[in-house]
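A.B. asks: got a structure for you, letters missing:
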């Protein structure tokens, strides 16, 4: 297994730049997520790692070796696509053993290897079945088996669960992650689903318009987004943005929201003009003793929690509160924001201002 | 708007029983969501009410009147299907106005343009009004087909998974909008989905269907907190309710074979010892996957927990639900 280093990677398709100067490192054994909306460059990045596209410039190191101009077949990695293609005329065993057979592996060794992979995936009992009649989940397991059997340096997966329905997807994502925990194989996984990325990833790269917006541990990215794009793309509902206009000096730990003073983490950067006060829905609470008010526009019951949509002087925001707290549409409620969790953004650039709270995450990029 | 009532409705297709003795009243002004997996009978129920299919036995009453002799058109219902069907040669504006131009309605022209503008605004397609229907994305086409139902003033809106082809962001916006429109119009709505979030967030009443039978009909909160069976309990909540053998914890009542624990109904600190097999940081909360002997379960904890894989954790049930051998609730 392997460490993968991406350095200043760029890809142009004619006039269009799909990936602009991306850099990040995938450590050996990590489950690594490339996350972003469609067209952000995540699939192009994955295809460059695989060798299916050649970069316009930049370097890719797999286990210390620069491979950016090498052929896919010389990189020793396995690619699992969204639409898993199996050989329909072969049975499960033949499908899994195919890559080894074409390498010319001796029969006894091949048999042992297939048995081992089948056991890892829990598909020993279907080895002799034709792939035609298999369920979606089993087909996916066979496709994975074909990737695993080669013992590649890394697995690359392009939205492998994208075509599945929600419930089944949840199950397969747990299975995939558990499989990774058993094998410890470096895995690079492309998705546009932020929840999938949070749930499965050891690390996440968030991409947008061909650029890396943020790179790090899921919880840290969630808590301390580097940009408004990340704050909005990650989390459901996303982070609330309350627009303010004013000036912040170094060391300031308060800001005015429509005349009400709110505590925030001590700021390390000065800023003035159009600013944005960012707060996650679960850090908004409905309280009696607050002069900052909102009108309840909608309530969405979710069992454990409920999402409250509120109209405030600084725009519409959402709060996630306990399902047991009584609240009614039309009610005027006081609002409090957990001061330790606030991020202030510069509106025009969309980037987070450094504070005592987020410097640990944002300083190392 | 109307009250619609199904009385003892059964329907089979060949050997396949689609609905069996369903009794359900959709109160005037309610938002009823039918929930169940594929084949539970959700769409069949919708088609019975619309008049597209006839029941083998039983009655459908609309505002107290037997609807058996009424054609789908006479029933005056607005349907939205999962698969949108628009007039490809017409613009979005013309598609939206079409139902109002019916000779039966004789809507004045200024009323038509007002309604079309209003609905387009709500569905975030105002900027596409003059586009041809064929120039739209899938999500936009589906919004136009929802809009075509909303411009009318039918007895009841019937919707069959109208949001399932839209992306997550738009779906969550439209959930709130549909609910708001329904409440402000005082409209009666029957809505079919297999998405439990849609059911929980929009419904005034949820009907849980299992193999053609209506097993529970109540508010989302009632079904979540007070389900009649394991089946009903498992329809709502994410992550799903944990179902374990009743003797996994002390205190099970007589006759109980299984215990149901919502992830948030697991107390941490005392009780049985479990092993943490996986920690999922979701941002706002953390999911802990636990193993109690050989049994898998999931609980929720603080977003910034320091617990990690391999740690042990003592747990005990908080207000557990008990079920008998057939999966029915023991009160």
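C.D. replies: The structure has been received and is ready for your questions. Only a predicted model underlies this, so the values are computations on that prediction, with no experimental measurement involved. Numbers count the residues shown, from 1 in each chain, chains lettered A, B, ... in the order given.

A.B. asks: who in the stretch 151-300 of chain A is up against chain B?
C.D. replies: Counting by CB under 8 Å from any CB of the partner chain, the positions of the stretch 151-300 of chain A adjacent to chain B are A:166, A:174, A:177-178, A:181, A:193, A:195, A:198-199, A:218-219, A:222-223, A:234-237, A:280-282, A:298, A:300. Using the backbone N, CA and C atoms, a C-beta is placed for each residue, glycine as well.

A.B. asks: just the helices in chain A please.
C.D. replies: For chain A, helices defined by DSSP state H occupy the ranges A:42-50, A:92-103, A:107-121, A:136-148, A:166-183, A:194-200, A:218-223, A:228-233, A:359-362.

A.B. asks: what's the fifth one packed up against?
C.D. replies: Which is helix A:166-183. Helix A:166-183 makes packing contacts with helix A:107-121, helix A:136-148, helix A:194-200, strand B:266-281 when contacts are defined by 3 or more CB pairs under 8 Å, 6 or more residues apart in numbering or on different chains; DSSP states H and E.

A.B. asks: on that earlier part again, need the helices of chain A in a markdown table with mean pLDDT and mean neighbour count, can you?
C.D. replies: Output for the helices of chain A, formatted as a markdown table (pLDDT from 0 to 100; neighbours: other CB atoms under 10 Å in any protein chain shown):
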| stretch | mean pLDDT | mean neighbour count |
| --- | --- | --- |
| helix A:42-50 | 95 | 23 |
| helix A:92-103 | 90 | 18 |
| helix A:107-121 | 89 | 15 |
| helix A:136-148 | 85 | 21 |
| helix A:166-183 | 82 | 16 |
| helix A:194-200 | 93 | 22 |
| helix A:218-223 | 96 | 21 |
| helix A:228-233 | 97 | 23 |
| helix A:359-362 | 94 | 16 |
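
A.B. asks: now those in TSV, with distance to residue B:208?
C.D. replies: TSV is the format used below for the helices of chain A (distance: least, CB to CB, whole Å):
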stretch	distance to residue B:208
helix A:42-50	39
helix A:92-103	37
helix A:107-121	34
helix A:136-148	25
helix A:166-183	16
helix A:194-200	25
helix A:218-223	34
helix A:228-233	34
helix A:359-362	44
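
A.B. asks: which one of these lies closest to residue B:300?
C.D. replies: Distances from residue B:300 to each of these were compared using CB to CB; the shortest belongs to helix A:194-200, at 13.4 Å.

A.B. asks: show me how far that closest one is from its chain's centre.
C.D. replies: Its chain's C-alpha centre and that of helix A:194-200 lie 5 Å apart, by CA atoms, centre = their mean, to the nearest Å.

A.B. asks: hmm, who's touching it?
C.D. replies: In this structure, residues lying in contact with helix A:194-200 by CB atoms under 8 Å, 6 or more residues apart in numbering or on different chains are A:31, A:33, A:35, A:161, A:169, A:173, A:176-177, A:189, A:191, A:204, A:218, A:222, A:233-236, B:280-283, B:287.

A.B. asks: got it, and stretch A:107-126?
C.D. replies: Surrounding stretch A:107-126, the residues in contact under the criterion CB under 8 Å, 6+ apart are A:92-93, A:96-97, A:100-101, A:105, A:127, A:134, A:138, A:141-142, A:144-145, A:148-149, A:179, A:182-183.

A.B. asks: one more time with 6 Å
C.D. replies: With contacts defined as CB atoms under 6 Å, 6 or more residues apart in numbering or on different chains, stretch A:107-126 is touched by A:92, A:96, A:97, A:100, A:127, A:141, A:145, A:148, A:149.

A.B. asks: how close does the last one sit to chain B?
C.D. replies: Counting by CB to the nearest CB, to the nearest Å, the gap from residue A:149 to chain B is 25 Å.

A.B. asks: for the nearest residue to that residue once chain neighbours are set aside, give its distance to residue A:99.
C.D. replies: Excluding its sequence neighbours, the residue lying closest to residue A:149 (CB to CB, 6 or more residues apart in numbering or on different chains) is residue A:117, at 4.8 Å. Going from residue A:117 to residue A:99 by CB to CB, to the nearest Å gives 11 Å.

A.B. asks: and if you look at residue A:248?
C.D. replies: 58 Å.

A.B. asks: could you report the neighbour count for whichever residue of the stretch 251-365 of chain A sits closest to chain B?
C.D. replies: Here the stretch 251-365 of chain A gets closest to chain B at one residue, residue A:300, 3.8 Å apart by CB to the nearest CB. Number of residues near residue A:300 (other CB atoms under 10 Å in any protein chain shown) recorded here: 20.
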